[in-house]
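**Student:** Next come a sequence and a model predicted from it.
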Amino acid sequence: MFWNKLLAIDLGNKNIKIVEGKQQGNQVIIEKATSVATPLHSYNDGQILDKESLKSIIHGTLEASNIKAKKTICSIESTSIITREITLPNVKEGEMDSMVKYEVEQYLPIMLDDYVVEYKVLNEFEEEGVSKSRILVAAIPKLIVENFLELFKEINLKPYVLDVNSNAISKVFFKKLKVNQDESNLEKTIGVIDIGHNFINVDIISKGIVQFSRLINSGGKDIDINIANHFNLSLEEAEKKKINDSNIEKNIGLAPSTEILNDAVKSSIDNWIAEINRVFQYYTTRSTGNKIDKLYLHGGSSSLKGIAPYMHSLLNMPVEQIKDIDKIKLSKTSENIKIANYLNAIGAIIRLGR
Ligand SMILES: Nc1ncnc2c1ncn2[C@@H]1O[C@H](COP(=O)(O)OP(=O)(O)OP(=O)(O)O)[C@@H](O)[C@H]1O
Ligand SMILES: [Mg+2]
């Protein structure tokens, strides 16, 4: 009965996002979506630190939400996962594998034996009469893969794929789609930015094809630390204050304490923008004509009040939080979720070419 349903888990440093759904043609149907705080000190940057507490929180959440799908895709992000875009001449089918491995061994600072190497062809093109492919390579430490396999098997799930967030996002933006009613994304270059707790993940997607992804070591946590210092609060209290009281869009007639709060939020975002700008510059200076037209935000910290207009004013391009994507259909039980919180998990459900 549940054979075609998939379970997708986006294991974040702050929250575990869980989605049950299925792909139907070009659409993704979301049956259930729920999230739960990642237990403290149980997980960090791709590394499982406390398997037992992760097992029990995931298992408990699946039971509480009556999620029955077993076939599991987990999406993660980690500074120890290496992704690179490489260009190779096209070779006969079957030879690409060894060629990619050879390239990785030559040019990446890793021992191949310690990594699982995956790749996909982004696009094919001709250069000086030679047909070539642009290939996205991901090298994931074997230890990470094995630990995840073990974790899911021990809670009776069937691990199917270990995905990386930027790949999950690239699948959402592949082919025609409408984001917040805008249909023109296939003609544009867009920046899709996941603002989480520990990390910001920047994906640059041009005409539906991912150009590259970069992980920035900043996120909502920076603001919590900032607020905690300014107001002498615990990190937990600071986070609450951030979510409930800050609004960086309003700046007139504010009480002095609200002004201090908003400034604390803004100073962190200013740092993020500087980092994001560096990533953009890498792209725009790489080839003439490269230009980013629009930014879409997702991840928990994309819900900061006023963040989109604030970034718009500093980056000088349209910025929107992702609110609605036409190919993502929410069922009755999940109709109230914020898509921006679940986009990695939703993208993980999409399987291209299968
Ligand atoms: N309404 C809100 N306003 C402001 N910040 C929010 C809001 N809701 C959540 N956040 C912040 O979003 C962050 C959590 O987001 P998310 O769940 O995407 O992180 P994560 O995926 O666990 O982290 P990472 O991607 O870094 O591993 C926290 O810093 C939290 O305080
Ligand atoms: Mg995240």
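**Tutor:** Sure, I can see it. Bear in mind the structure is a predicted one, so any value in this text is a computation, not a measurement. Ligands and ions are numbered 1, 2, ... in the order given.

**Student:** Check the spacing between Glu93 and Glu126 real quick.
**Tutor:** 19 Å (C-beta to C-beta, to the nearest Å). Backbone N, C-alpha and C define where each C-beta goes, glycine included.

**Student:** Then Phe231?
**Tutor:** From Phe231 over to Glu126 (counting by C-beta to C-beta), the distance is 59 Å.

**Student:** can you check His298 too?
**Tutor:** 35 Å.

**Student:** More neighbours: those two, which one.
**Tutor:** Each of His298 and Glu126 has its neighbours counted (other C-beta atoms under 10 Å); His298 has more, 26 against 9.

**Student:** Next, the contact list for that one, please.
**Tutor:** For His298, the contact set (C-beta atoms under 8 Å, 6 or more residues apart in numbering) comprises Val192, Ile193, Asp194, Ile195, Gln321, Ile322, Ile339, Ala340, Asn341, Leu343.

**Student:** In the sheet, which residues pair with it? Tell me.
**Tutor:** Asp194 (DSSP bridges).

**Student:** who's in contact with the residue in the stretch 151-300 of the chain that ligand 2 sits nearest to?
**Tutor:** Proximity of the stretch 151-300 of the chain to ligand 2 (C-beta to the ion) peaks at Gly196, 3.4 Å away. Contacts for Gly196 were tallied using C-beta under 8 Å, 6+ apart; they are Gly12, Asn13, Lys14, Gly219, Gly220, Gly299, Gly300, Ser301.

**Student:** Test my guess that Phe199 contacts Glu77.
**Tutor:** Yes. Using C-beta atoms under 8 Å, Phe199 is in contact with Glu77, at 6.2 Å.

**Student:** So Asn336, which state does it fall into?
**Tutor:** coil (DSSP: H, G, I helix; E, B strand; the rest coil).

**Student:** okay, now it: neighbour count?
**Tutor:** Asn336: 8 neighbours (other C-beta under 10 Å).

**Student:** And it, how far from Leu295?
**Tutor:** For Asn336 relative to Leu295 (C-beta to C-beta), the value is 25 Å.

**Student:** From the contacts of Gly196, which land in helices?
**Tutor:** Among these, the members found in helices (DSSP state H) are Gly220.

**Student:** of the contacts of Gly196, closest to Ser206?
**Tutor:** Gly299 (21.2 Å; C-beta to C-beta).

**Student:** can you list contacts of the helix or strand containing Ile169?
**Tutor:** Element membership of Ile169, judged by DSSP states H and E, is helix 165-172. For helix 165-172, contacts defined as C-beta under 8 Å, 6+ apart pick out 10, 75-77, 83, 120, 136, 138, 192, 194, 201, 203, 205, 210, 213, 325, 327-328, 343-348, 350-352.

**Student:** try stretch 236-246
**Tutor:** Against stretch 236-246 from outside (C-beta under 8 Å, 6+ apart): 220, 223-228, 231, 233, 258, 261-262, 264-265, 303-305.

**Student:** Can you find which helix in this structure contains the most residues?
**Tutor:** From DSSP H, the single longest helix across the chain is helix 256-284.

**Student:** in that helix, what's buried?
**Tutor:** 261-262, 264-266, 268-269, 272-273, 276, 279-280, 283-284 (16 or more other C-beta atoms under 10 Å).

**Student:** next one: it to chain centre, how far?
**Tutor:** Averaging C-alpha positions (C-alpha atoms, centre = their mean, to the nearest Å) puts helix 256-284 19 Å from its chain's average.

**Student:** now check it, is it near ligand 1?
**Tutor:** No. Remark: helix 256-284 sits outside contact range of ligand 1, by C-beta under 6 Å from any ligand atom, the gap being at least 8.8 Å.
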